[in-house]
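**Q** generate a structure from the sequence data that follows.
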Amino acid sequence: MTNWLITNADKLTLWVGAICTIALYSALYKENRFYRLFEHIFLGLATGFLVAQTWTDVLLPKWWKPMWDEGRWYFIFIAIFGAFYYFIFSQKHSWISRIIIGFYLGVASGQAFQVYANDFWPQIQASFKPIIPHGAVTIAGKAVKALSPADAVNNIIFMVIVFCVMMYFFFSFEQKNPIVKSSAKLGRWMMMFTFGAIFGATIMARLALLIDRIDYLLNEFGAQVFGEASGPKIVFMMLLVLMGIVLYLAFKKDNTSPDEGT
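**A** Numbering: from 1, shown residues only. As a prediction, this is how the structure comes out:
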C-alpha cells in the first residue's frame, strides 16, 4: 500500500486538488454537505498549519530555546500567564482569565494606536501639497524639487477632493449653505468612486483565483490525467456540462412555485 501511494503520489495530488476545487466552488449553487465537508477539512488543515507555524516561528525560537538552552528560567512565567486563558472555561474561576485578557487588550490597543499613528500621521502631513508652480529651491537646508504647472493643477484637484470629503464628515453644524452642501455632495461622489475602485480590485482578485483554479483543472489535471492533447478539451467540456447542470437546477428552483414545492 505504501509503495502504491509513493508511486501514484503525483496523480493522487492532482485528483485531490481537482476534487477540492469542485467541492469548494459547489457553494456557487447552494451550500451543501459536499461543500461543508471540504470547508471543514480546509479549516482543519489551516488551523493545524497555524498551530505548527506558531510553534516553529514563535514559541520555539523566542520562548523554548531561550528558556531551555540559554537558561532564562524566568520565561516559565510566560507559560503560566498564558495558562490563565484556560480559566475562561471555569465558572468559578473565570475571573482569572480576565486578568490576562485585560492585559493583552491593553498591549494590543497600544500597539494598534502606534501602528495607526505611523500609518496615518505621515499621510496627513503629505496631504499638504504646494499649489503654486516654482523651481527647485532649498528651504531650511532641505531641497525641494521643482513643481511644474501640470503638477500644481494635480495638487489643486487633490486638495479639492480632500476638502470635499472632509466636509462630508463635518457634522458640527447643519449643512444648509449651498457651497458647503455642494462640496459635501461632491465628496460623497468621490468616495463612491473610490469604493467602486476598491470593489473592482476585489472582484479582479477573486477572478484571478478562479482563473488559476481553471488553469489547474485544464492544463495540469486534464493534461496529465487524460493526455496533453485532448485532456484540456475533455475537462473543459466536463466543466461546461457541470455548469449547465448547475444553471438548470438554479433556474428550476427559481421557477418552482410554492404550491409545486409542497
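**Q** just the residues contacting the helix or strand where residue 42 lies, thanks.
**A** Counting by DSSP states H and E, the element that carries residue 42 is helix 33-54. Outside helix 33-54, the residues that touch it by CB atoms under 8 Å, 6 or more residues apart in numbering are 19-20, 23-24, 26-27. Bear in mind the C-beta positions are built from the backbone N, C-alpha and C, glycine included.
**Q** and with 10 Å instead?
**A** Outside of helix 33-54, the residues within contact range by CB atoms under 10 Å, 6 or more residues apart in numbering are 19-29, 31, 59-60.
**Q** strands along this protein, start to end?
**A** Using DSSP state E, the strands of the chain run over 137-139, 142-144.
**Q** which elements pack onto the top helix by length along the chain?
**A** The residue-count maximum for a helix in the chain (DSSP state H) belongs to helix 178-215. Helix 178-215 is packed against helix 9-25, helix 149-168, helix 231-255, with contacts defined by 3 or more CB pairs under 10 Å, 6 or more residues apart in numbering; DSSP states H and E.
**Q** distance to residue 78, mean neighbour count and mean pLDDT for those helices - can I get that in TSV?
**A** What follows is these, written out as TSV (distance: least, CB to CB, whole Å; neighbours: other CB atoms under 10 Å; pLDDT from 0 to 100):
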stretch	distance to residue 78	mean neighbour count	mean pLDDT
helix 9-25	38	14	86
helix 149-168	45	14	90
helix 231-255	52	13	83
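**Q** out of those, flag the one nearest residue 203.
**A** Nearest to residue 203 among the helices and strands packed on helix 178-215 is helix 9-25 (16.1 Å), distances taken as CB to CB.
**Q** other SSEs contacting the closest one?
**A** Under the contact definition 3+ CB pairs under 10 Å, 6+ apart, helix 9-25 sits against helix 33-54, helix 178-215, helix 223-225, helix 231-255.
**Q** put the alpha carbons of that helix into CSV.
**A** Extracted C-alpha coordinates of helix 9-25, given in CSV (Å, rounded to 0.1, in the frame of the first residue of the first chain):
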residue,chain,number,x,y,z
ALA,A,9,1.6,10.3,-5.3
ASP,A,10,1.5,12.8,-8.2
LYS,A,11,-1.8,11.5,-9.7
LEU,A,12,-3.4,11.4,-6.2
THR,A,13,-2.3,15.0,-5.6
LEU,A,14,-3.9,16.1,-8.9
TRP,A,15,-7.2,14.2,-8.1
VAL,A,16,-7.3,15.6,-4.6
GLY,A,17,-6.7,19.2,-5.9
ALA,A,18,-9.4,18.8,-8.6
ILE,A,19,-12.0,17.3,-6.2
CYS,A,20,-11.3,20.0,-3.6
THR,A,21,-11.7,22.7,-6.2
ILE,A,22,-15.0,21.4,-7.5
ALA,A,23,-16.2,20.9,-3.9
LEU,A,24,-15.4,24.4,-2.8
TYR,A,25,-16.9,26.0,-5.9
